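[1] My questions are about this predicted structure, shown below with the sequence.
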Amino acid sequence: MWPFSRKKPALPPEPEAPPAPPPETGLQRLQREVFERVIEGKPSGPAGIDDWRLQVYGGMYEARTHDALIEDVPHTAKLLGERFPAIVKAYVAEVPSTHYSLARLGHGFSAWLRSHPVPDARPDLPDLAALEWARSEAFVADDCAPIYSEEIQQLGPERFTKCWMQLVPSVRVLDLGHRVTALWAALEAGEPVTPALSPTAERELVVVWRKGFDVFHVAIAADEHAALLSLRNRDTVEAICEHFAGRGDDAAHAAFQAIGSWINEGMIGAIREPAVAEAGPL
Amino acid sequence: MFPRLDLGHGVGLRSRHYGEFLESQPKVDWLEAISENFMGTGGRPLAVLDKVRVDRPVVLHGVSLGIGSVDPLDEQYLKEWKQLIDRIEPAMVSDHLCWGRYQGRYSHDLLPMPFTEEAIGHVVSRVQAVQDRLKRQLVLENVSSYLTYPASTMSEAEFTAEVARRADCGLLVDINNIYVSAKNHGFDPKAYIDAMPLEHVAQFHLAGHFNRGDLIIDTHEGHIIDEVWQLYAYAVERLGRVPTLIEWDTGVPDLETLLAEAEKARVLEYETFERANAEAEKVMLG
Ligand SMILES: [Fe+2]
């Protein structure tokens, strides 16, 4: 009808008020009140229960989350020292555990630390935490048999460049705001943090992966980092190689060296040729 | 009822001992694995579990199901749990008779239930839903507790037994937890054991604890104390030969120490039966 009709367009129906939630059952109320006291730290719990008993559970929650986070980011925890318990408390209050496994508690810690800088602490701690968390994740990531270089040899260079590849689930590609791999290595070796390991606000690109049962990481150049992101994006080998164009005459060699090292390190889980675009004559 | 398995005396599979289990064949009847440590994961932990499962029974024991939580069951949990169960084919699948999740957030604790009709109805319907989903019986464990609710209308033992009967699930009777809660709340631990429905008892747990004076805390640390060993002997006498697990999770000792504790349980179980047999013989011979 519109724009010829002079009729007023019909008004949208009034939104119906959402139905009132059913009243809380006794069990729901009890669990809410206990949870609010023990986990959220509200000042009082359900009536008729001595508060010191609820605090026993509250204390255990603190200890448990503290110990779990130390497992995820041990070196970051060590550098934070005495401040770490209070930081864990503030973190879990804002990023509560929504995964059944306590081992996943550290998933948001690096980002949270970045947005909640600790006064007078090293500015590279969020990056160190990101590296540690990536390693923790890689350690238990899903298993996946890597491909072997023979598979590529069988394809031949022509077909290989048209393929796309898939990373194994343990691979993490990191873009860190500080150089932290040297700091991590010193802490891992139990060495003192010397002035040479003072925070360096230089971008560090890192790849983390698991080979067999062992987790590794290495700092990589910007073009290899871009190539890995391209690989993760399921771009073709041809497109992945283009990221090495900046190396001039050496580009093809650098690209194939990088891909060769990814395969040797067990980082590639699958290689696929694209489906044939045009069907042949029936 | 729950079928009584003849597993013997097991210990928990803990990361400190992974190397030994990967490289050798430690002598142990069966192993308990914490479900959540292997769900949705790969790498070394799962490889160890796969390897140990080849040679001996494994029991999957969970801590995060939250069968008593008012929250809906966690779908991701159920899916990944089922995948692990299908992979490992455990002799038993257990978790705790408690709650821990509220509005999607985990307390990562075994919070006690109020012992009410409402709570029984809630737990029973959820156990039935889980059993239908898993296509197998669930085994539920009594937890240690540090508080009781004024709303409770029955004893913990009555509550636990009634859940098992109505849901037709198994019971994991943790002897140390009975001892801890009995001391903390002042009830008779033997009366608790007497109230356990024989046909549902699936497993016993034994563990160390920490007595801080005003309260006993279930830490799973250190050797099992004499009073808990005596209570175990009583449970064996009353409830029979039941697969028994040694839990030691804080300050995990070397494997030899842990296995020695399992051996001690085996000897005590044997001696308890020998004594009972001798007494029965005496009665029969007049
Ligand atoms: Fe237990």
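    Thanks, I have it.
[2] Which residue would be the closest one in the stretch 51-200 of chain B to the ion?
    Closest contact between the stretch 51-200 of chain B and the ion, by CB to the ion, is at residue B:174 (3.8 Å). Backbone N, C-alpha and C define where each C-beta goes, glycine included.
[3] hang on, that residue packs against residue B:209?
    No. In terms of CB atoms under 8 Å, residue B:174 does not count as a neighbour of residue B:209; the distance is 10.8 Å.
[4] mind checking pLDDT for residue 15?
    As the question left the chain open, I've gone with chain A. pLDDT, the model's per-residue confidence, is 75 for residue A:15.
[5] wrong one, I was asking about chain B
    Residue-level confidence at residue B:15 comes out at 93, pLDDT.
[6] sorry, back to before: quick check: neighbours shared by residue B:174 and residue B:209?
    Taking CB atoms under 8 Å, 6 or more residues apart in numbering or on different chains as the contact definition, residue B:174 and residue B:209 share the neighbouring residues residue B:144.
[7] what about the strands in the stretch 1-150 of chain A?
    Taking DSSP state E, counting those that start in this stretch as the criterion, the stretch 1-150 of chain A carries no strands.
[8] Skipping its backbone neighbours, what lies nearest the residue of the stretch 101-250 of chain A found nearest chain B in space?
    In the stretch 101-250 of chain A, the residue that lies nearest chain B is residue A:143 (3.4 Å; CB to the nearest CB). Distances taken as CB to CB, 6 or more residues apart in numbering or on different chains put residue B:42 closest to residue A:143, at 3.4 Å, once the chain neighbours are dropped.
[9] so what's the backbone phi/psi at the one you found?
    As for residue B:42, its main-chain torsions (degrees, to the nearest 10) stand at phi -140, psi -150.
[10] dump the residue contacts of it.
    Contacts were defined as CB under 8 Å, 6+ apart; by that measure residue B:42 touches A:140-144, A:169-170.
[11] Same check on residue B:191?
    For residue B:191, the contacting residues are residue B:157, taking CB under 8 Å, 6+ apart as the criterion.
[12] picking up where we left off before, nearest spatial neighbour of the residue of the stretch 51-200 of chain B closest to the ion, skipping sequence neighbours?
    Nearest to residue B:174 is residue B:205, by CB to CB, 6+ apart, at 3.8 Å.
[13] How many neighbouring residues does that neighbour have?
    Neighbourhood size, residue B:205 [other CB atoms under 10 Å in any protein chain shown]: 23.
[14] Residue A:149 now?
    With neighbours defined by other CB under 10 Å, the count for residue A:149 comes to 12.
[15] Residues of chain B that sit close to the ion?
    Taking CB under 5 Å from the ion as the contact definition, chain B meets the ion at B:174, B:205.
[16] what ranges of chain A fall below the confidence cut-off?
    Low-confidence regions of chain A, defined here as pLDDT under 70, cover residues A:1-10, A:276-282.
[17] where does the residue nearest to residue B:174 land in three-state SS?
    Three states are possible here, and by DSSP: H, G, I helix; E, B strand; the rest coil the one that applies to residue B:205 is strand.
[18] was I right about it contacting residue B:175?
    Yes. Using CB under 8 Å, residue B:205 and residue B:175 qualify as a contacting pair, with a distance of 6.5 Å.
[19] can you list the residues that contact stretch B:20-27?
    Stretch B:20-27 has contacts (CB under 8 Å, 6+ apart) with B:13, B:17, B:47-48, B:51-52, B:55, B:255, B:259.
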